Structures are given as structure tokens and as C-alpha cells.
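Give me a 3D structure for the following:
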Amino acid sequence: MAQLQLALNVPDLQTAIIFYSQMFSTEPSVVRAGYANFRIIDPPLKLVLFEDKDVLGGTINHLGVEVNSKLEVTQAEERLVSEGIKTTGIEDVACCYAEKTETWINGPDGTRWEWYVRTGDSEQLDKSIKNCC
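Numbering: from 1, shown residues only. The predicted structure is shown next:
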């Protein structure tokens, strides 16, 4: 089953972790320097926080659809392209403390969407948030 992802830029990661832990009664599953990742059961949501001290208030970093297999990423890519939606193409990357197979789409309003499957762990952010996600 696919799961929606909401990635937010927050000015103070620790304050945001406390707030979202209380709001969803869920502790983050991953916390790293400048990064936190929640797997929320109810409502089903993957919430990702990126610390950006230059942000005033929270802003959307990107939205995503996390799927269970590379095949699902490939099928989504084929469907999107057949609908005339421009994508970045499918890539295997290490980004945001994870190894992933992904494709990216820009909505008409500039909102960035990531369609991906997480395939492993990474110990570093690797790419900058602005370039990666």
C-alpha cells in the first residue's frame, strides 16, 4: 500500500519533533542532524522534517508517494509520462539518510513531488536538501 509523504522545512528541529510527536502520539523513527522522519499509523502519513534555520515558520519542502517496490516506481513513471507529465526519470540515489529508487515531478504551482521506494539506509544526508528533494 502506498503512503503519502509530507516533507516540511522547520526552523527548530527539536521544537518541531516535540510538537509533531505530541500531535500524532508518535515518536520519530529516525532522527539525524537536521532531519527527523515519522511513520504515523493514524492517519497514515510519512512526515519528514528538515531543519532550515532561515525559514520563518514551516514551509513545504516537498510531497511524496512512498511505494513498496521498484516495480511500482516504474509503473508510476510510465503512467505519468503517458499522461504527458514531465518527470526526472528513474534514479537510484542515496539521499535524506536513505537509499531510494525515485522519480520527481513538478506540479503546475511548482510543488515538488517525489515518487519513490526506500531500498536501504544511508548514514548521511548526502545531497543538499535543495538539490535532492
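
Quick check: I41 touching S25?
No: judged on CB atoms under 8 Å, I41 makes no contact with S25 at a distance of 9.3 Å. C-beta: built from backbone N, CA, C; applies to glycine.

Validate this expectation: T26 resides in a strand.
No: counting by DSSP: H, G, I helix; E, B strand; the rest coil, T26 falls outside a strand, being coil.

measure it to E77 for me?
Taking CB to CB, to the nearest Å as the criterion, T26 is separated from E77 by 31 Å.

Pick out whichever of these two has more residues nearby.
A count of neighbours by other CB atoms under 10 Å puts E77 above the other of T26 and E77, at 20 against 16.

give me the element that one is part of.
In this structure, E77 is located in helix 70-82 according to DSSP states H and E.

contacts for that helix?
Helix 70-82 is contacted by residues 2, 65, 67, 87, 89-90, 101-103, 105, 115-117, 119 when judged by CB atoms under 8 Å, 6 or more residues apart in numbering.

In a markdown table, list those along with neighbour count.
Compiled in a markdown table, the contacts of helix 70-82 are given as follows (neighbours: other CB atoms under 10 Å):
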| residue | neighbour count |
| --- | --- |
| A2 | 14 |
| V65 | 18 |
| V67 | 20 |
| T87 | 17 |
| G89 | 10 |
| I90 | 17 |
| T101 | 21 |
| E102 | 26 |
| T103 | 19 |
| I105 | 19 |
| W115 | 25 |
| Y116 | 26 |
| V117 | 20 |
| T119 | 15 |
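
out of those residues, which are inside strands?
Here DSSP state E is the test, and those give V65, T101, E102, T103, I105, W115, Y116, V117, T119 as lying in strands.
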